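Engineer: 3D, please:
(chains A and B)
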Amino acid sequence: MFLNDWLITPLRVIWDDWRARVGGIIILLYVLMGTIGVVLISEPRPGDGPRLIRPFQDWAHPLGTDINGNDLFAQTVHATPPMLEMIVAGAVFTTALAMVVGTLSGYKGGIVDRLLMTFTDILLTIPGLPLVIVLALVLDPRQPWVVGVILTINAWAGLARAIRSQVLTIREEAYIEAARLMGISTWRILLKDITPSLMPYVLVNFVNAARTVVFASVALYFLGILPDTFLNWGVMMNYAYSVGGALYTSGTAHWLFVPLMTIVVLSFGLILFAQGTDRVFNPRVRARHASQDDLEPGEDDMSGEVATQIRG
Amino acid sequence: MTEPEPTTTKMGRPVFEVEGASVTYDMDRGVSRVLDDATIDIFEEEILGVVGESGSGKSMFASSLLNAVPPPGTLDGEIRYHRDGEVIDLLGLSPEQLRRVRWEDVAMVFQGAQSSFNPTISIRRHFEETLEAHEYDIENGLEHARQLLADLYLDPERVLGSYPHELSGGMQQRALIALSLVLEPDVLVMDEPTAALDLLMQRSILSLLENVKEKYELTVVFITHDLPLVAGLADRLAVMYSFKFVEIGRAEDVFSNPKHPYTRALLNAIPNLDTPRSRMHPIEGSAPDPVNVPTGCSYHPRCPLADEQCEAAEPPLAETTDKHHAACYYWEEAMEEIELSIESDEPAVDDTVVGRQSDEPVVSVDAVDVHFEQGGGGLFGFFSDPDTVHAVDDANLEIYENDVVALVGESGCGKTTLGKAIIAAQRPTNGTVRYRGQDIWGTRDGRVDGEIPWEQIRRSLQMIHQDPGSSLNSHRKIKSSLEDPLRRWHPNMDPGDREERILGMLEYTGMSPPTDYALRYPHQLSGGEKQRVALIRALLMNPDVILADEAVSALDVSLRLEMMDLMLELQDAFDTSYVFISHNLSNARYFAGNADGRIGVMYLGELVELGPVDEVIDEPLHPYTKVLKWATDDMELSDRIEDPPIRGIDIPDPVNPPAGCRFHTRCPEARTVCREESPSLDEAVSAHPTACFREYPMEHPYWDSEPVDDAEETVTGDPIDAG
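Structural biologist: Numbering: from 1, shown residues only, chains lettered A, B, ... in the order given. As a prediction, this is how the structure comes out:
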């Protein structure tokens, strides 16, 4: 029952949508790369192979090597775990904080709302990039998850405001008033009655936050603002540009393209996944998939719009 | 199928010939036929009333007349439109030709004027854009528009210069009718044009509509779920059930002598003011699903006369008597066996469920005011005083155990706000609300140290909301929603017991199999079923008072009685009291009357009359109650809708209520003293409390003062919107 509601039905819904399917597979590949890949493929060392082999030439080095003979594929793979850690930390930090602040402020209103929103507005007015640069220089972060949080330090404020405005309309729904009159606690109302309606929106923003972290980190590592502590796709691009001159030398161009494509494909996968999964939170779709084995004729599977038109 | 020949003087030549029109939608689980083989002629200058419950296909019929079926639906059959002797095949027109026919020949008025107007442009601009789009002369067109607005009792210049939000709902709806007529169409199709309005406003618009129709020689197709509403207006009535026409005939024949069992049952299911309550009966069962329409006659599962023939073959829509068509094999039997409640001979036995009403009130409301501040706030709020809306002023009311109080009034009269104040969902601005003698808000704030804790009060006062679509969380299964109250108040209850309790309640309220219903999401339930779940959720709290805020208004006519019966039955089992809010006097009469309750009439935030149901309905004392009764009293056919016994239809602004008696601006009995002094409920010497000087002792100055002069009160020579 529990398993069916929380795992099998959502997975079925996801699998039913091609975007979510493709996106999910891409994300799964990166996760595999960051877990099993690190074990299977040995860490890159200078002089592993000849210098600057082009991709798809030598199958010992499928994606080629850089100017020191480092294997680019191995570099990409070994950069994945810290990157994933950073992405998850940043995205979770942003969405979780935005959810708590946004829903609480929108639902409670009054003084709670004013205090939280004043704080949010102050954060919103601070320009993001300079703040991140200053923080990065002052704190000199070395753990990936700290980097993730710093990169999204004020990204949550805008999301919190957007979520608050959505909650303002949801809290007028009759079922929220009914729950309040039944004496249900605020936290339970937020969790059970308000959050589910926000989920498609939050999910898209979770993925957006993840992409922000990828891009911001790559940019800041590329610019050399973040300390060069762990293998990183941004650092790879930085070297390709500064050492290899990849922007104007065709012989080293692949050095830049390999990390670039890694980032683009991940970002693409995340977007597809987010688009496809908002259906998981649609009760009409869930109901259809939950009862797939014993589909009864009375089941309502009109799309909402058509159903309204017909009944209206 | 045969169609009535246009022979009578009233019916001229046909404007529309609809033959075998069907609308289908392809869906995952099969073909959904939402208009099935509709065949009907519409004649010049007649008013055709199309009546059906929601989901009967009546809106699809309206869309078909303009060949405007929402995609991906497909429309088949034949629809011919006659324009000055020329016959146009509507389904064979190019998009451009079709655009010309729409609005210029056939215009449509939709339900809910608010969403038909663009809020960012003025009414004048709406007229201009319509004229421009059809290349009409703007000057002449606007002149015509002014004429139309004046015919609809609106002040043309004021309305044209306004933005939609500056007009009341009734004025918007009238402006919309004028807009649809500005291109001088021959046919006006109206889809539930008055459903969102108060009864009083509906009545007034209908009387205007009849005048406009005569003046501009229109043919009107009026689509509604409310049979009695159109009965007095329409020349012919067509009743739809399950996407088909089941009965067509002259209005007086269909209304007073219906031949299809469905029409007869529908008439018996509509609450009204005259029929004894014991003779109103709900229709059993529910309307069919568009994909699974029953074989044969689609009404057979609900019909008491059905036999094998009805299950096997569909009865054709055949002429029974003169110009009266019904799709039933047994229409003769139906007329004998299904007795119409209005003409029944059986003695009226109104058995009331008399509860053990207590002497001590459960909830007492003492001099309660609820004011809302409107505007103000924000950065510039310091510079402007916010407007104060007087939602409720000086209300006094006591609710006993097993009591039913129905609050009745037009929208905006503060009945919902008062209801919420009673169940402690709304904090009053002044005055006290007491639960078993203990100040509720004092307990909440910790100011009063009573025996009853706040939690106990909270769980004792519950509510059922109006809109079944929003009363349940669409993301949670029924079982999960129903578990909330039990989890909160019986945290130690065994999950098995909890489930058993929920299933038991579902079964009791007629939702079986309960295990199936418990695992459904709200969208898999009908409106009536959702309201029943909301009722169960409130009852699982074991409350003392339940506020039912228009709890049946959103339901289909045939389901309302069933829901009200269920609520009353459960009152007996659970020992609760109801505060029943309704804008409809007949619903209030049925509900409160069956429980020996009271009716409270509200006007502009004040209770103006409070008394036992039969007294208030049969002998209303306050002039406003009389007006409400006039607006509701519609179970009779009159040739013409009479003028309302009221001066001015629109309610004054609650931000700035009239001084003295608030009703004096519209009251037909108003005298000068009413402008200065305000009557109160408890000084009257009448049978039950009434806030009107006419019920005061005879020596009151009212009787010596002058009647209010109409000319002085009427502002713009515009009788409907005066005040």
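Engineer: Can you report how many residues neighbour the closest residue in space to residue B:114 that isn't next to it in sequence?
Structural biologist: Spatial nearest neighbour of residue B:114, excluding adjacent residues (CB to CB, 6 or more residues apart in numbering or on different chains): residue B:172 at 6.4 Å. Every C-beta, even on glycine, is put in place using the N, C-alpha and C of the backbone. Neighbours of residue B:172 under the rule other CB atoms under 10 Å in any protein chain shown: 23.
Engineer: Can you name every helix or strand that the strand or helix carrying residue B:172 contacts?
Structural biologist: In this assignment (DSSP states H and E), residue B:172 forms part of helix B:169-181. If you count contacts as 3 or more CB pairs under 8 Å, 6 or more residues apart in numbering or on different chains; DSSP states H and E, helix B:169-181 packs onto strand B:106-109, helix B:113-116, helix B:123-133, helix B:138-151, strand B:187-191, helix B:199-216.
Engineer: Could you export those as a markdown table, including distance to residue B:281 and mean neighbour count?
Structural biologist: Shown next, in a markdown table, are the helices and strands packed on helix B:169-181 (distance: least, CB to CB, whole Å; neighbours: other CB atoms under 10 Å in any protein chain shown):
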| stretch | distance to residue B:281 | mean neighbour count |
| --- | --- | --- |
| strand B:106-109 | 34 | 24 |
| helix B:113-116 | 35 | 17 |
| helix B:123-133 | 46 | 18 |
| helix B:138-151 | 42 | 17 |
| strand B:187-191 | 29 | 24 |
| helix B:199-216 | 23 | 19 |
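Engineer: Can you report phi and psi for whatever residue of the stretch 201-350 of chain B ends up closest to chain A?
Structural biologist: Going by CB to the nearest CB, chain A is nearest to residue B:292 of the stretch 201-350 of chain B, at 5.9 Å. With angles defined as degrees, to the nearest 10, residue B:292 sits at phi -110, psi 60.
Engineer: ok, residues contacting stretch B:60-70?
Structural biologist: Contacts of stretch B:60-70 with the rest of the structure, by CB atoms under 8 Å, 6 or more residues apart in numbering or on different chains, involve A:306, A:309-310, B:16, B:18, B:21, B:23, B:34-35, B:38, B:50, B:73, B:75, B:79, B:90-91, B:93, B:98, B:101-102, B:106, B:108, B:187, B:189, B:191, B:221, B:223, B:240, B:243.
Engineer: re earlier: tell me how far the residue of the stretch 201-350 of chain B closest to chain A lies from residue B:655.
Structural biologist: 52 Å (CB to CB, to the nearest Å).
Engineer: Neighbours of the closest residue to chain A within the stretch 501-650 of chain B, how many?
Structural biologist: Of all residues in the stretch 501-650 of chain B, the one sitting closest to chain A is residue B:521 (4.3 Å; CB to the nearest CB). Residues lying near residue B:521 (other CB under 10 Å) number 22.
Engineer: what does residue B:313 give?
Structural biologist: The number of residues packed near residue B:313 is 12, by other CB under 10 Å.
Engineer: So it sits against residue B:307, correct?
Structural biologist: No. Residue B:313 is beyond contact range of residue B:307, at 11.5 Å (criterion: CB atoms under 8 Å).
Engineer: List the beta-bridge partners for the nearest residue in space to residue B:66 that is not next to it in sequence.
Structural biologist: Using CB to CB, 6+ apart and skipping the chain neighbours, the partner closest in space to residue B:66 is residue B:102 (5.3 Å). Beta-bridge pairing for residue B:102 (DSSP bridges): residue B:106.
Engineer: List the contacts of residue B:102.
Structural biologist: B:66, B:68, B:108.
Engineer: Which of the helices or strands spans the second one?
Structural biologist: What that stands for is residue B:68. Per DSSP H and E, there is no helix or strand for residue B:68.
Engineer: quick one: low-confidence parts of the stretch 51-200 of chain B?
Structural biologist: Applying pLDDT under 70 to the stretch 51-200 of chain B flags residues B:112-113.
Engineer: List of residues touching the host helix or strand of residue B:486?
Structural biologist: Assigned by DSSP H and E, residue B:486 falls within helix B:478-489. By CB under 8 Å, 6+ apart, the residues outside helix B:478-489 that reach it are A:175, A:179, A:182-184, A:192, B:459, B:472-473, B:493, B:498-499, B:501-502, B:505-506, B:517-522, B:525, B:533, B:536-537, B:540-541.
Engineer: right, and the helix or strand after that helix?
Structural biologist: In N-to-C order, the element after helix B:478-489 by DSSP H and E is helix B:495-508.
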